[in-house]
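Asker: sequence and predicted structure, then a few things I'm wondering about:
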Amino acid sequence: MAALRSVRTRRRAVQAVMAGCVLALLPSAWMHAVAADRLRTTADAPSAEVAVVFGAGLWRGRPTPYLADRLDAAAELYRTGKVKVVLVTGDNGRHDYDEPDAMRTYLTAHGVPDGQIVSDYAGFDTWDSCVRAKEIFGVDRAVLVTQGFHIRRAVALCQAAGLESYGVGVADVHDATWYYGETREVFAAGKAALDAAFKPAPRFLGPKEEGVSRALDALTH
């Protein structure tokens, strides 16, 4: 009898572990399903008025190599006429750390006119960036630019925020940062699913800004 109870206990433990694994993987499955037909390269990205580039950290005030790769892809989209405006969204939560301005400086040095770059200084995470692009900057359709390990989450969250999105995932060498990013996405998927379901307000929303519309209007005058 004791042996039978032991078998049942082990079986229930295995079932509990399996159920936990399934639940843990559901957010990732959701992201892959949403983004499945929306991933592109710089060569076959659809035309859109706006590209959204997500921040990826600074090193001594300049974009990290990962962020530089994102910005290079956005500059290519601009040069080939796929997009007209680049919205750079990142962290400027303190005076000595300004991702958007560093991103702007990099883009202008790589051929994107300053007037066609718009800065979002309160893109503290992916959800905040998506919501602010839609609600504050009035973007309805965009090409998102980020690393390959992050692009599905970005597309899924922007879609949930009401922003029609296509994603360009930038490829990088599989170094320690890449493996960290891939691992982080497993855990970030859970938060992303909660954000999409409950749609929390961004850390900072603020008033509407006309930077994107002004940049587009300037092209017609």
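Answerer: Thanks, I have it.

Asker: per-residue confidence at the residue nearest the centre of the chain?
Answerer: Residue closest to the average C-alpha location in the chain (C-alpha atoms, centre = their mean): Ala154, at 3.5 Å. pLDDT recorded at Ala154 is 97.

Asker: assess the claim that it and Ala56 are in contact.
Answerer: No: counting by C-beta atoms under 8 Å, Ala154 does not reach Ala56; the two are 11.6 Å apart. Every C-beta, even on glycine, is put in place using the N, C-alpha and C of the backbone.

Asker: what touches both of those two?
Answerer: Thr146 (C-beta atoms under 8 Å, 6 or more residues apart in numbering).

Asker: looking at the chain, which helix or strand is least sure?
Answerer: One helix or strand of the chain scores below all others by mean pLDDT, DSSP states H and E: helix 2-35, with a mean of 62.

Asker: excluding its backbone neighbours, what's nearest Asp72?
Answerer: With sequence-adjacent residues excluded and distances taken as C-beta to C-beta, 6 or more residues apart in numbering, Asp72 is closest to His110, at 6.9 Å.

Asker: got a list of what the one you found touches?
Answerer: Leu71, Asp72, Ala75.

Asker: the residue nearest to Glu135 when sequence neighbours are not counted and Lys191, how far apart?
Answerer: Closest residue to Glu135 apart from its sequence neighbours, by C-beta to C-beta, 6+ apart: Leu205 at 6.9 Å. Separation of Leu205 from Lys191 (C-beta to C-beta, to the nearest Å): 19 Å.

Asker: about what we covered before: for the residue nearest to Asp72, give me phi and psi.
Answerer: The phi/psi pair for His110 (degrees, to the nearest 10) reads phi -110, psi 30.

Asker: then Glu164?
Answerer: phi -60, psi 120.

Asker: which residues touch the nearest residue to it once chain neighbours are set aside?
Answerer: Closest residue in space to Glu164, ignoring its immediate chain neighbours: Arg141 at 4.3 Å, by C-beta to C-beta, 6+ apart. Contact partners of Arg141, counting by C-beta under 8 Å, 6+ apart, are Ala48, Glu49, Val50, Leu163, Glu164, Ser165.

Asker: Gly211: which of those is nearest?
Answerer: Proximity of the contacts of Arg141 to Gly211 (C-beta to C-beta) peaks at Val50, which lies at 10.6 Å.

Asker: neighbours of that closest one, just the number please.
Answerer: Other residues within reach of Val50, judged by other C-beta atoms under 10 Å, total 23.

Asker: same question, Asp91
Answerer: Taking other C-beta under 10 Å as the criterion, the count of residues near Asp91 is 18.
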